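Visitor: Okay, sequence plus prediction incoming.
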Amino acid sequence: QFHMIKHEDLTWRESLGQGSFTHISRGSKTDQRDGVTHSTEVLLKVLDANHKNCWESFFEAASLMSQISHKHLLLVYGISVHKSKNIMVQEFVKHGALDLYLKRSMSVSVSWKLDVAKQLACALNFLEEKNIAHGNICAKNLLLAREGDPSADNSPFIKLSDPGISMALLGKDVVLDRIPWVAPEVLDTLEIELECDKWSFGSTLWEIFNNGEAPLQGLDPIQKQQFYEHFSNLPALEWTELADLIIQCMQYQPELRPSCRSIIRQLNSLITSDYEILHATGTHPK
Ligand SMILES: N#Cc1ccc(Nc2nc(N)cc(-n3cnc(CCO)c3)n2)cc1
């Protein structure tokens, strides 16, 4: 169920960092279409040689993204297996991971952030309708295809990346490190259900509205585990309507978390203009 790409059709450029048990590089792929050679810029995601046993899960994640297509889901061109290298060939998304972008550019507006949140909610709604759980929703896995430029009145555009290797194979330390994005119930079952993505969405909303700051970043794994054992909540945002939505998504009882439709409805009802004016000037518009 995959397009197999020949290794010799891939060109490797600079390394761009790493994910869990993987590392990523910029590159290009060439293919012949009606006799013409095309070169496409790609992102090459390579499974670390010392985690070869995860190759099925690695490609399982990629195949999830290949079976369905949606404007806010990352496009996976195919895979390439060469000697001991397992490579996923993805579309190269222009501005990279959202968490790094938010940390670097402190000047994104509230309406920009809300726009990104709505796009993620749409991607999750699409997956929910297909009864597909992603399992790794976080700002690091949101890729920014278009920055959006307020003066040119165009908005940002994000793509949700593949979920990567399943946590069942990653080991307990990686799972603990993913607190508070990973839903509490997953710590026991290591099973990903639709409700888990709602919890992660709440955590990702917190990240987006805290300029890419990682929630609970100062806590060590034991403290992170205690955060769940004490049924704690993330520090509330000033914007109470948004803080309420985060609390709804991060309900410890999975069945109490809102549907994607409800999440979208609540995001659409958040008025940005008043909020921005209020927080910019400290006064309410007349
Ligand atoms: N400077 C810079 C820069 C870096 C990267 C991209 N593009 C891109 N395209 C993708 N398909 C995936 C990723 N990507 C980034 N981090 C991860 C691991 C966590 O998911 C995946 N980056 C664009 C610009």
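Guide: Done, it's in. Numbers count the residues shown, from 1 in each chain.
Visitor: Enumerate the residues of the stretch 151-286 of the chain near the ligand.
Guide: Within the stretch 151-286 of the chain, the residues that sit near the ligand (Cβ under 6 Å from any ligand atom) are Ser161. The C-beta positions use only the backbone N, C-alpha and C, and glycine is treated the same way.
Visitor: how near is Glu195 to Leu160?
Guide: 17 Å (Cβ to Cβ, to the nearest Å).
Visitor: so which residue of the stretch 151-286 of the chain comes closest to the ligand?
Guide: When scored by Cβ to the nearest ligand atom, the stretch 151-286 of the chain has Ser161 as its residue closest to the ligand, at 4.7 Å.
Visitor: let me fix that: the stretch 51-200 of the chain
Guide: Relative to the ligand, the nearest point of the stretch 51-200 of the chain is Gly96 (3.2 Å; Cβ to the nearest ligand atom).
Visitor: my read: that residue touches Ala145, true?
Guide: No. At 9.9 Å, Gly96 does not count as touching Ala145 under the criterion of Cβ atoms under 8 Å.
Visitor: Hmm, the residue of the stretch 151-286 of the chain closest to the ligand is touching Ala139, no?
Guide: No. Counting by Cβ under 8 Å, Ser161 does not reach Ala139; the two are 10.7 Å apart.
Visitor: what do those two both touch?
Guide: Ala97 (Cβ atoms under 8 Å, 6 or more residues apart in numbering).
Visitor: related to what we said a few turns ago, and the residue of the stretch 151-286 of the chain closest to the ligand, what pLDDT?
Guide: Looking at Ser161, its pLDDT stands at 97.
Visitor: now do His279
Guide: Confidence score, pLDDT, at His279: 67.
Visitor: okay, which residue is most central for the protein?
Guide: Asn141 (2.8 Å; Cα atoms, centre = their mean).
Visitor: Quick check, that residue in contact with Ala97.
Guide: Yes. Using Cβ under 8 Å, Asn141 makes contact with Ala97 at a distance of 7.5 Å.
Visitor: what residues are shared contacts of those two?
Guide: With Cβ under 8 Å, 6+ apart, Asn141 and Ala97 have common neighbours Ser161.
Visitor: Skipping adjacent residues, who's closest to the residue nearest to the centre of the chain in space?
Guide: In space, and not counting its chain neighbours, Asn141 is closest to Ser161: 4.2 Å by Cβ to Cβ, 6 or more residues apart in numbering.
Visitor: Please report how far Val81 lies from Ile87.
Guide: Remark: distance between Val81 and Ile87 (Cβ to Cβ) = 7 Å.
Visitor: Between the two, tell me which one has more neighbours.
Guide: A direct count of neighbours by other Cβ atoms under 10 Å for Val81 and Ile87 places Ile87 higher, at 24 against 14.
Visitor: Compute the number of surrounding residues for Glu56.
Guide: 12.
Visitor: elements contacting the one helix or strand it maps to?
Guide: Assigned by DSSP states H and E, Glu56 belongs to helix 55-67. For helix 55-67, the packing partners by 3 or more Cβ pairs under 8 Å, 6 or more residues apart in numbering; DSSP states H and E come out as strand 76-82, strand 85-91.
Visitor: Asp115 reaches Gly148, doesn't it?
Guide: Yes. Under the criterion of Cβ under 8 Å, Asp115 makes contact with Gly148 at 7.2 Å.
Visitor: quick one: common contacting residues for the two?
Guide: What both Asp115 and Gly148 touch, as defined by Cβ under 8 Å, 6+ apart, is the set Ser155, Pro156.
Visitor: related to what we said a few turns ago, which other residues reach the helix holding Glu56?
Guide: 1-3, 21-22, 47, 73-76, 78-79, 86, 88, 132, 134, 162-166, 168-169.
Visitor: Distance of the residue of the stretch 151-286 of the chain closest to the ligand relative to Ser107?
Guide: 24 Å.
Visitor: same question, Tyr101
Guide: 11 Å.
Visitor: Which of these two has more residues huddled nearby?
Guide: When Tyr101 is set against Ser107 and neighbours are counted by other Cβ under 10 Å, the residue ahead is Tyr101, at 20 against 7.
Visitor: ok so, going back, dihedrals phi and psi, the residue of the stretch 51-200 of the chain closest to the ligand?
Guide: Backbone torsions of Gly96, given as degrees, to the nearest 10, read phi 70, psi -160.
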